[in-house]
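Asks: Need coordinates for the below:
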Amino acid sequence: MKLKFCGFRQLADVKKAKDMDIDAIGFIHFSKSKRFVDIQTIKQFTDIIPEDKEKVVILVNPEYKVIDSLIEETGITSIQLHGEEPLSTISYIRQKDKDIKIIKALPAKDSASLLTAIEYYKYVIDQFIIDTPSQNYGGTGKVYDWKMLEVIRDIDYLIAGGINYENIQKIAQLSLQHGGYDIASGIETNNDKDICKMQSIIELVKGAN
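Replies: Numbers count the residues shown, from 1 in each chain. The predicted structure is shown next:
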């Protein structure tokens, strides 16, 4: 199971997580998010994260110049798209840097709309994240009915939206084919990343080292 810890805003929090047994660390470059960070800050973060971790920037309907700046000025290795991006945006990223991993986040409205969206994007992206629907494109910290994911087969996806230690245990009881979890609020205490929460989730998902 893959673990992506997301929504980092402070260098001190990145330093807490950078050597942990996780697969990806994410930063949000979307001005309406409470976890927004600017490009200069993202560069500071990516400069200290080891090569064995994906460095993911979350974007919503981005302009090409923003994509250019992030690829040229930071050390990101993945772009996560959270809006209603057309296939042309994905093509642009591929042309700009063929090695960038592209992740597409989808809102979990219902099984039918999820399957339709997966069919639209699955041949051009590398991984999906399925999140709680919201007007601000995620970041709610709320859960949805995970049973709607039972229809998704043979697709690489992570579950997001209110994921914490207890909810991972609940999801494990279901018959899903997810590849892991994307977690932001579930690893925080008072808006700071919590070492104890992060380590507990790592041990639950990946086992103790």
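Asks: Just give the number of residues close to the closest residue to L149 other than its chain neighbours.
Replies: Excluding the flanking residues, the one nearest L149 by CB to CB, 6 or more residues apart in numbering is L176, at 5.2 Å. From N, CA and C alone the C-beta is placed, and that goes for glycine too. Burial of L176 is recorded as 16 neighbouring residues (other CB atoms under 10 Å).
Asks: I'd like the distance between L176 and D182.
Replies: Going from L176 to D182 by CB to CB, to the nearest Å gives 14 Å.
Asks: Low-confidence stretches in this structure?
Replies: Within the chain, the ranges that satisfy pLDDT under 70 run 135-141, 208-209.
Asks: Can you show me the strands along it?
Replies: Here the chain has its strands, by DSSP state E, at 2-5, 24-28, 54-59, 78-81, 101-107, 127-131, 157-159, 180-183, 188-189, 192-193.
Asks: From the rest of the structure, what touches the fifth one?
Replies: Which is strand 101-107. Strand 101-107 has contacts (CB atoms under 8 Å, 6 or more residues apart in numbering) with 54, 56, 58, 77-82, 85, 90, 93-94, 114, 117-118, 121, 124-134, 137-138, 160.
Asks: Throw together a PyMOL command that grabs the buried residues out of those.
Replies: A single PyMOL command selects the buried members of those (16 or more other CB atoms under 10 Å):
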select buried, resi 54+56+58+77+78+79+80+81+82+85+90+93+114+117+118+121+125+127+128+129+130+131+132+133+137+138+160
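Asks: In contact with I79, which residues?
Replies: V56, V57, L59, I67, L70, I93, I100, K101, I102, I103.
Asks: Which single one of those residues is nearest to L204?
Replies: Distances from L204 to the contacts of I79, taken as CB to CB, are shortest for V56 (21.5 Å).
Asks: Touching, the closest one and I28? I think so.
Replies: No: in this structure V56 lies outside contact range of I28 using CB atoms under 8 Å: 9.6 Å.
Asks: Now for the two: what residues contact both?
Replies: Contacts common to V56 and I28, judged by CB under 8 Å, 6+ apart, are C6.
Asks: Would you check how far apart the closest residue to G7 other than its chain neighbours and I155 are?
Replies: Excluding its sequence neighbours, the residue lying closest to G7 (CB to CB, 6+ apart) is A184, at 3.6 Å. Counting by CB to CB, the gap from A184 to I155 is 22 Å.
Asks: what do you get for P50?
Replies: Taken as CB to CB, the span from P50 to I155 is 28 Å.
Asks: Looking at the two now, which is surrounded by more residues?
Replies: Between P50 and I155, I155 has the larger neighbour count (other CB under 10 Å), namely 17 against 9.
Asks: who's in contact with the more buried one?
Replies: I118, K122, F128, Q177.
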